[in-house]
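Visitor: what's the 3D shape of this:
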Amino acid sequence: MNAVLVLNQDYTPLTVCSVQRAFMLVFLKKADLVTEMKNKKLRSISQTFPFPSVIKVKYYVSIPYKGVVMSRHNIFKRDGGKCQYCGTNKDLTIDHVIPRSKGGKSTWTNLVTACKNCNSRKSDYALEKVGMKLLKQPVKPSYLTFLRMNKSIYREDWAPYLNPKKVSA
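Guide: You can find the predicted model right below:
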């Protein structure tokens, strides 16, 4: 997928869009080209244009807090498509760390990716009771960390804009 990182006027990440949408925003002078892909070009019958990688909108866009929707798909993504007990990537499902029968809720911090074997072994018990441990604690990802984790669209030239301590704008 050819995706383009869209930055707000203050260089904070807003979203990701298609190359076509990014080109139109730049062409219509609603956004500025920040970085382009050097090895690619957009061509029309008579012209050649830079292939956008990162664009910045010209006017500040005020958006409410943008969280990541909790879904099976996004939990699998957060956990890297691996069982959080044994690390396998086969026969995956979702497990409640604290079982629902013991008051566990369906939240980002209580749901993890688990293989069917580990899920069955843990069953309706607390981790300590069955001698199991999580490879890493489940957390609610921010929109930025979610973008970083999404390897299918993330590109290295976006890193300075997705890692706030490296931004120099």
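
Visitor: what's the nearest residue to Phe49 if we skip its chain neighbours?
Guide: Leu42 (4.3 Å; Cβ to Cβ, 6 or more residues apart in numbering). In short, each C-beta sits where N, CA and C put it, glycine included.

Visitor: Gly104 is in contact with Ile98, correct?
Guide: Yes - between Ile98 and Gly104 there is a contact under Cβ atoms under 8 Å: 3.3 Å.

Visitor: list residues touching both of the two?
Guide: Shared contacts of Ile98 and Gly104 (Cβ atoms under 8 Å, 6 or more residues apart in numbering): Asn110.

Visitor: Check which helices and strands the longest helix belonging to the chain sits against.
Guide: Using DSSP state H, we find that the single longest helix of the chain is helix 19-27. Judged by 3 or more Cβ pairs under 8 Å, 6 or more residues apart in numbering; DSSP states H and E, the packing partners of helix 19-27 are strand 3-7, strand 31-43, strand 48-57.

Visitor: if we go to 10 Å?
Guide: strand 3-7, strand 13-18, strand 31-43, strand 48-57 (3 or more Cβ pairs under 10 Å, 6 or more residues apart in numbering; DSSP states H and E).

Visitor: returning to that earlier point: count the residues that sit near the residue nearest to Phe49.
Guide: Leu42: 17 surrounding residues under other Cβ atoms under 10 Å.

Visitor: how near is it to Ser53?
Guide: Separation of Leu42 from Ser53 (Cβ to Cβ, to the nearest Å) stands at 12 Å.

Visitor: Need the overlap of contacts for those two.
Guide: Common neighbours of Leu42 and Ser53, using Cβ atoms under 10 Å, 6 or more residues apart in numbering, are Val19, Ala22, Glu36.

Visitor: Might you quantify the distance of the worst-scoring helix or strand of the chain on mean pLDDT from its chain's geometric centre?
Guide: Of all helical and strand segments in the chain, the minimum by mean pLDDT, DSSP states H and E falls on helix 143-149, at a mean of 71. Here the centre of helix 143-149 is set off from its chain's centre by 3 Å, with Cα atoms, centre = their mean, to the nearest Å.
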